[in-house]
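Colleague: what shape does this take:
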Amino acid sequence: MAAEFSRLTGKYQATVPANVRRTLGVGAGDRLAWVVEGDTVALRRAGPKDEDFAAAVSATLGEWATAEDEAAWHDLWCR
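Modeller: Residues are numbered from 1 along each chain as shown. Here you go, the predicted model:
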């Protein structure tokens, strides 16, 4: 398997190489899913289930956004 490379811009954007776009069958406007497992990230085309999950979770994201919550999470994740 050959590696494909792109550069991250100052706005934290990257171009998806043409071979990867063809493999995934994606084009402009399509949504991508980034799957993080440990220190590995997989990229795949987002499907309807991904969209439904994101919509369901997005309403709850502000619930844990206080300074106290950040401090508590910091202690759990930054050990």
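
Colleague: neighbours around His74, how many?
Modeller: 10 (other C-beta atoms under 10 Å). All C-beta spots, glycine's among them, are computed from the backbone N, C-alpha and C.

Colleague: can you tell me the SS state at the most centrally placed residue in the chain?
Modeller: Central residue of the chain (C-alpha atoms, centre = their mean): Trp34, 3.7 Å from the mean position. Look at Trp34: counting by DSSP: H, G, I helix; E, B strand; the rest coil, its state is strand.

Colleague: partner residues bridging it?
Modeller: Leu43 (DSSP bridges).

Colleague: number the residues from 682 up from this point.
Modeller: In the new count, where the first residue is 682, that last one comes out as Trp715.

Colleague: that one and His755, how far apart?
Modeller: Per C-beta to C-beta, to the nearest Å, Trp715 is found 23 Å from His755.

Colleague: from Glu749, how far off is Arg726?
Modeller: 38 Å.

Colleague: and for Val716?
Modeller: 30 Å.

Colleague: low-scoring stretches of this structure, by residue?
Modeller: 730-740, 742-746, 756, 758-760 (pLDDT under 70).

Colleague: what residue of it is the furthest out?
Modeller: Glu749 (25.5 Å).

Colleague: how about it, phi and psi?
Modeller: phi -70, psi -40 (degrees, to the nearest 10).

Colleague: for this protein, just list every one of the strands.
Modeller: Remark: strands assigned in the chain by DSSP state E are 713-718, 721-726.

Colleague: the residue nearest to the centre of the chain reaches Leu724, doesn't it?
Modeller: Yes - between Trp715 and Leu724 there is a contact under C-beta atoms under 8 Å: 6.0 Å.

Colleague: fine, thanks again, bye for now.
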